[in-house]
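Colleague: got a predicted structure plus its sequence, pasted below:
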Amino acid sequence: MRISVKAPAKINLTLDVLAKRPDGYHEVEMVMTTVDLADRVDMTLREDGEITLDCSASFVPDDIRNHAYKAATLMKEKFQVRQGVHLYIDKQIPVAAGLAGGSSDAAATLRGLNQLWNLGLTRDELAKIGAEIGSDVPFCVYGGTALATGRGEQIAHLGAPAPCWVILAKPPIGVSTPDVYGNLRVAQIDNHPDTKQMLQAIATQDFSLMCQSLGNVLENVTLSLHPQVKQIKDLMIASGADGVLMSGSGPTVFALVQKEAKVHRIYNALRGFVKDVFVVRMLGAQDGEILA
Ligand SMILES: C[C@](O)(CO)[C@H](O)COP(=O)(O)OP(=O)(O)OC[C@H]1O[C@@H](n2ccc(N)nc2=O)[C@H](O)[C@@H]1O
Ligand SMILES: Nc1ncnc2c1ncn2[C@@H]1O[C@H](COP(=O)(O)OP(=O)(O)OP(=O)(O)O)[C@@H](O)[C@H]1O
């Protein structure tokens with residue numbers, strides 16, 4: 001028996017850091033939404049009890065370092081599952097990009113194994129298990145649009161933002177999330193986003209208020225490490241983007257655009273500069289999809 005589950009990327013419409021916690025994590029407040037750039041995780045039942053993994057991108061780890069492998073191991077141990085699984089990840093989301101690719105693969109694996117191994121767990125239970133793998137995994141278990149607090153694992157669901165185009169551009173560098181948080185000085189943050197205003201923009205589907213409310217306190221940290229990120233932002237703005245922001249810890253930058261005619265102009269301008277450019281839509285309030 002085999003099932004396939006879509007694992008969509010996320011972008012952060014806001015990312016605020018409120019404090020550094022004694023456990024080494026940061027207290028955050030973030031509005032996140034999934035977009036239709038997705039990996040696909042195929043899960044094939046193994047009667048011998050083994051967990052194995054292959055990925056279309058050869059540089060992604062195929063052992064316990066892989067978040068999807070970790071998810072399967074956790075589910076097997078927690079629920080004493082006799083069967084195993086072979087995981088195949090069709091990688092479409094750039095790696096170490098700020099788009100939660102690994103977290104989404106883990107979330108898709110949790111959702112898929114719940115079905116493949118007949119565990120009967122609720123989404124909330126899966127999200128709780130996801131928090132043991134990484135801070136972004138609970139959000140990815142639900143997908144859609146949400147306010148994430150705590151270290152990112154506490155999820156409050158939101159409605160769909162105003163429909164628009166999202167253009168993603170990733171410079172050819174990988175960014176380490178621990179390094180970016182490690183370089184952040186919380187007391188010196190001077191660009192806190194207005195999260196309340198973003199929540200209002202989403203509730204009223206006000207596109208221009210959403211663009212005005214974009215903000216990410218990790219952006220300045222990553223910009224100082226990688227000047228290309230600023231060049232991409234400037235290029236997007238000069239090409240007519242309505243709103244521009246770095247996602248997560250970066251280095252991917254996204255542009256929000258309402259008019260389709262502008263999309264081509266921005267895409268063409270970016271393609272002259274970086275290879276990884278994607279034109280996508282937000283998935284709105286929709287949650288994770290099991291394909292077959
Ligand atoms: C940057 C974001 O992707 C934005 O959505 C997340 O905040 C990070 O989520 P993630 O990659 O799932 O992060 P985790 O795997 O849980 O943590 C990786 C490392 O990032 C740092 N980290 C992460 C989340 C958080 N709230 N505070 C932190 O300081 C910690 O050093 C942690 O060891
Ligand atoms: N399934 C996976 N897909 C991609 N990378 C993975 C996966 N599992 C583990 N990794 C490792 O995790 C690291 C971060 O990759 P990932 O693509 O998840 O980053 P990210 O998009 O910045 O995530 P986030 O936005 O949650 O911080 C990489 O160094 C990679 O080796």
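Modeller: Yep, that arrived. Ligands and ions are numbered 1, 2, ... in the order given.
Colleague: would you mark the buried spots in stretch 142-160?
Modeller: For stretch 142-160, burial by neighbour count (16 or more other C-beta atoms under 10 Å) applies to 142-149, 151-153, 155, 158. C-beta: built from backbone N, CA, C; applies to glycine.
Colleague: ok, which stretches of this protein are helices?
Modeller: 67-78, 101-116, 123-130, 137-142, 177-182, 195-203, 207-213, 219-225, 228-238, 260-271 (DSSP state H).
Colleague: follow-up on the earlier one: from the buried residues of stretch 142-160, which is closest to ligand 1?
Modeller: In terms of C-beta to the nearest ligand atom, no member of these lies closer to ligand 1 than Arg151, at 3.6 Å.
Colleague: for ligand 2, see how far away the closest one is.
Modeller: Relative to ligand 2, Arg151 is positioned 12 Å away (C-beta to the nearest ligand atom, to the nearest Å).
Colleague: how many neighbouring residues does Gly182 have?
Modeller: Neighbourhood size, Gly182 [other C-beta atoms under 10 Å]: 10.
Colleague: what of Arg65?
Modeller: Counted with other C-beta under 10 Å, Arg65 comes out at 10.
Colleague: same check, this time on Leu218
Modeller: Neighbours of Leu218 (other C-beta under 10 Å): 26.
Colleague: so it sits against Gly182, correct?
Modeller: No: using C-beta atoms under 8 Å, Leu218 is not in contact with Gly182, being 11.1 Å away.
Colleague: still on that earlier bit, ok, which of the helices of the chain comes nearest Phe59?
Modeller: Closest approach to Phe59 among the helices of the chain (C-beta to C-beta): helix 101-116, 12.5 Å.
Colleague: by how many degrees do that closest one and helix 123-130 diverge?
Modeller: 130 degrees (axes from the mean of the first three to the mean of the last three C-alpha atoms, to 10 degrees).
Colleague: helix 101-116 near ligand 2 at all?
Modeller: Yes: contact of helix 101-116 with ligand 2 (C-beta under 6 Å from any ligand atom) involves Gly101, Gly102, Ser103, Asp105.
Colleague: what mean pLDDT does that helix get?
Modeller: Averaged across helix 101-116, pLDDT comes to 98.
Colleague: try stretch 225-243
Modeller: Stretch 225-243 comes out at a mean pLDDT of 96.
Colleague: buried residues, that stretch. List them.
Modeller: Quick answer for stretch 225-243 (16+ other C-beta under 10 Å): 225-226, 228-230, 232-233, 235-236, 239, 241-243.
Colleague: among the residues you listed, which ones lie close to ligand 2?
Modeller: Residues of the buried residues of stretch 225-243 in contact with ligand 2 (C-beta under 6 Å from any ligand atom): none.
Colleague: quick check: the two most widely separated of the residues you listed?
Modeller: Leu225 and Asp242 (26.9 Å).
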